[in-house]
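S.K.: Dropping the sequence and predicted coords here.
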Amino acid sequence: MKKLCYATLEEQGYDGFLLKDAPERVLQFGEGNFLRAFVDYFFDMMNEKAGFNGKVVLCQPIAPGLADMINEQEGLYTLYLRGFENGEKVNARRIISCVSRCLNPYKDFDALMDCAKNPDLRYISCNTTEAGIAYDPACQFTDRPAASYPGKLTQFLYERFKNFGKEAGKGFVILSCELIDNNGKELEKCVLQYAKQWELGEEFEAWIKGENIFCSTLVDRIVTGYPRNEAAAINEENGYEDNIIDTGEVFGFWVIEGPESLKKELPFAEAGLPVLITDNHKPYKQRKVRILNGAHTSMVLGAYLAGQDIVRNCMEDEVIQKFMNKTIYEEIIPTLTLPKDELEGFAASVTERFKNPFIDHALLAIALNSTSKWKARVMPSFKGYVEKFGELPKCITASFAFYIAFYNGQKLTEEGLVGTRGENEYTIKDDRPILEFYEAHKDDTAADLAHAVCANEAFWGEDLTKIAGFEAAVAGYLEDIRTKGAYEVMKACL
């Protein structure tokens, strides 16, 4: 079977969109599954639907990577977006043709620097993981390349400055996709630190600030990557060998914080894509964290104790789905600032995403580090509800009791704290001091355990026993979980 390449597709009479010859207008640091199923998909669609006419040149941010496989396939790969959309099951296949090549700066640093001399290059996208945007003073300007991503970017920007520094409009729009707060601004801070450390000059620092736009962005799509168990069958069906097949959910949403002028430069709207360019991405991040992530965190621990193992199966249980929906629509959405119809539309998409038949999303995987997750994802909605209505939100309060019950393990091992569900054991994974706390309280009564957890300021940043009625309500739910079971407690909340 021939590898996926333009010649192979031409032999097959492929009638889909293919972009062969176009200038490289985007440099992308990162060649992994997420960027190829998200950013590159959007640029590919924009090429077809809005005549963007731009290729994306990829760059490996770390030494091991996919450059050889990507270049063997001339940048082409098959993307499957799968799930539910408007109540219909979707399994959409697309050949992505916007990628021109992939660079490995650890083998050929000059090839990366040569890209800075391309006058057509205007955009830089990146996703180098949450740890990628970090300033490492050990990096030197003479490194080939600098170890850190911001170091590499500074080297690249300086090369651009040397070639086009006197020309207006030759800086970059930088689209940072890392999952940290204010990702674009944090990246800019690191670059400016390197410019100063490496003594590259005040003129260069002024050019960084004046000619480049560091956009903070919010990305939202679950990407499941290479379908190892299906790859052979997929290649057989397609009639070509693709070693970098990518898969993700059909839902996708990208919020880019930047100036109004970007809407003309990047015709996402003209292409009908779910990409929003706005002057403030934070309300949309709040919406995602509080509704999508908050729904996960407030539902999964109780659902696991009630006997479920996978998110999709939870959505097939009437009680669990109703508990989740009540949490979202009656207790979370009223605390948010975006228009109600936008929030409810997003909430409806969350339910469809949780039902995705192509993703087996394990509850125990979501349960990792639930202490910090509850604080970041659920507590703001809890406090907002109390402040707005002067009473406790029933489902969110119950979710706190589910969290405690889930963490009420009996045996601490190197792997984590071992809890029991019926006759089966499960492993609770969190920071070691948190697990040690729960082990120390493993034999507490419901009331004593509820008090110890609520009063633990190290967990929550405050003493939750001071919130009127909260400790007593949590203790009551916890006692009911022990005597009646989590499922009955969920049912009682409806």
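M.R.: Cool, the structure landed.

S.K.: so where's this protein uncertain?
M.R.: By pLDDT under 70, the chain has no low-scoring segment.

S.K.: Just the strands from it, written as ranges.
M.R.: Here the chain has its strands, by DSSP state E, at 24-29, 55-59, 77-85, 88-96, 99-103, 123-126, 173-176, 213-220, 246-249, 253-257, 275-278, 411-412, 417-421, 424-428.

S.K.: Partner strands of the first one and their direction?
M.R.: If you go by DSSP bridges, strand 24-29 pairs up with strand 55-59 (parallel), strand 123-126 (parallel).

S.K.: The ones you listed: which one's closest to Asn243?
M.R.: Counting by Cβ to Cβ, Asn243 lies closest to strand 55-59 out of these; the figure is 15.3 Å. (Glycine included, C-beta is placed from N, CA and C.)

S.K.: rewinding a little: quick one: which of the strands of the chain is nearest Arg228?
M.R.: strand 246-249 (10.4 Å).

S.K.: For the closest one, which helices and strands make contact with it?
M.R.: helix 33-37, strand 77-85 (3 or more Cβ pairs under 8 Å, 6 or more residues apart in numbering; DSSP states H and E).

S.K.: what separates it from the chain centre, distance-wise?
M.R.: 13 Å (Cα atoms, centre = their mean, to the nearest Å).

S.K.: and if you look at stretch 244-261?
M.R.: 10 Å.

S.K.: Check the separation of the first and last residues in it.
M.R.: 35 Å (Cα to Cα, to the nearest Å).

S.K.: Equivalent analysis for stretch 235-246, please.
M.R.: End-to-end for stretch 235-246, by Cα to Cα: 12 Å.

S.K.: would you turn the strands paired with strand 24-29 into JSON lines with distance to Asn212?
M.R.: Below are the strands paired with strand 24-29 laid out as JSON lines (distance: least, Cβ to Cβ, whole Å):
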{"stretch": "strand 55-59", "distance to Asn212": "17"}
{"stretch": "strand 123-126", "distance to Asn212": "9"}
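
S.K.: on that earlier part again, of the strands of the chain, which is nearest Ala116?
M.R.: strand 24-29 (8.6 Å).

S.K.: rewinding a little: out of the helices and strands packed on strand 246-249, deepest packed?
M.R.: The highest mean neighbour count among those, using mean count of other Cβ atoms under 10 Å, belongs to helix 33-37: a mean of 23.

S.K.: related to what we said a few turns ago, how about the strands of the chain, which one is nearest Pro339?
M.R.: Per Cβ to Cβ, nearest to Pro339 of those: strand 275-278, 13.5 Å.

S.K.: on that earlier part again, the helices and strands packed on strand 246-249 into CSV, with extra columns for distance to Met379?
M.R.: Shown next, in CSV, are the helices and strands packed on strand 246-249 (distance: least, Cβ to Cβ, whole Å):
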stretch, distance to Met379
helix 33-37, 28
strand 77-85, 29
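
S.K.: and Phe251, which of those is closest to it?
M.R.: Among those, strand 77-85 sits nearest to Phe251 (Cβ to Cβ), with 6.4 Å.

S.K.: Name every strand pairing with the closest one and say which way it goes.
M.R.: In the sheet, strand 77-85 lines up with strand 88-96 (antiparallel), strand 246-249 (parallel) (DSSP bridges).

S.K.: you'd agree Trp198 is up against Pro137?
M.R.: No. With contact defined as Cβ atoms under 8 Å, Trp198 does not reach Pro137; the gap is 10.5 Å.

S.K.: Show me which of those two is the more surrounded one.
M.R.: Per other Cβ atoms under 10 Å, whichever of Trp198 and Pro137 has more neighbours is Trp198, with 18 against 10.

S.K.: residue contacts, the more buried one?
M.R.: 140-141, 154 (Cβ atoms under 8 Å, 6 or more residues apart in numbering).

S.K.: what about stretch 141-157, start to end distance?
M.R.: 12 Å.

S.K.: Just put the strands of the chain in CSV and tack on distance to Phe470.
M.R.: Output for these, formatted as CSV (distance: least, Cβ to Cβ, whole Å):
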stretch, distance to Phe470
strand 24-29, 45
strand 55-59, 50
strand 77-85, 36
strand 88-96, 42
strand 99-103, 52
strand 123-126, 42
strand 173-176, 38
strand 213-220, 31
strand 246-249, 36
strand 253-257, 33
strand 275-278, 36
strand 411-412, 28
strand 417-421, 24
strand 424-428, 23
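
S.K.: For Asp444, which of those strands is the nearest?
M.R.: strand 417-421 (14.3 Å).

S.K.: Give the partner strands of that closest one in its sheet and their orientations.
M.R.: Strand pairing (DSSP bridges) places strand 417-421 next to strand 411-412 (antiparallel), strand 424-428 (antiparallel).

S.K.: What residues sit buried inside that strand?
M.R.: Within strand 417-421, the residues that qualify as buried are 417-419, counting by 16 or more other Cβ atoms under 10 Å.
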